[in-house]
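Q: sequence-free structure coming up:
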């Protein structure tokens with residue numbers, strides 16, 4: 001029986017296996033669960049120090065499209081960490097592009113990157 005509630009995002013991407021490796025490198029994610037189809041499509045549950053999200057290859061037959069396919073995303077991921085600077089730098093080094101540099105704004109120390117698969121990530125913490 002489940003005794004708690006949670007909302008956990010699932011990110012659709014064009015290359016699930018490559019995306020999993022990116023998130024491991026960029027965000028120190030660990031792979032908690034993985035299913036891989038014969039054609040190489042992946043569904044994986046990842047954890048960044050207990051903060052979980054899923055990554056899956058897009059499946060148009062299930063109306064699940066990547067930002068690359070639809071020309072952009074509709075959701076920003078917010079990764080709250082005690083020390084944003086190393087995470088932000090690692091994301092850039094792993095292949096993300098900077099959208100907004102780390103700075104104090106709206107009561108947060110936060111910056112934004114877009115990963116190689118089109119998903120936007122705000123990395124920071126409240127001040």
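A: Cool, the structure landed. All values derive from a computational prediction rather than experimental measurement.

Q: where in the chain is pLDDT low?
A: Counting by pLDDT under 70, the low-confidence segments of the chain come to 2.

Q: Show me where it has its strands.
A: Counting by DSSP state E, the chain has these strands, from start to end: 10-13, 30-36, 42-48, 51-57, 76-80, 97-105, 108-114, 120-126.

Q: thought residue 114 was touching residue 100?
A: No. Shown here, residue 114 and residue 100 do not form a contact pair, counting by Cβ atoms under 8 Å, at 10.4 Å. Bear in mind the C-beta positions are built from the backbone N, C-alpha and C, glycine included.

Q: When these two are compared, which one has more neighbours?
A: Neighbour comparison, residue 114 and residue 100: the larger count goes to residue 114, with 18 against 12 (by other Cβ atoms under 10 Å).

Q: any idea how far the more buried one is from residue 120?
A: Distance, residue 114 to residue 120, by Cβ to Cβ, to the nearest Å: 5 Å.

Q: Could you tell me which residues touch both of those two?
A: Listed as contacting both residue 114 and residue 120 by Cβ atoms under 8 Å, 6 or more residues apart in numbering are residue 99.

Q: can you tell which of the strands of the chain is closest to residue 86?
A: strand 120-126 (9.8 Å; Cβ to Cβ).

Q: Okay, buried residues for that closest one please.
A: Using 16 or more other Cβ atoms under 10 Å as the burial criterion, the residues of strand 120-126 that qualify are 120-124.
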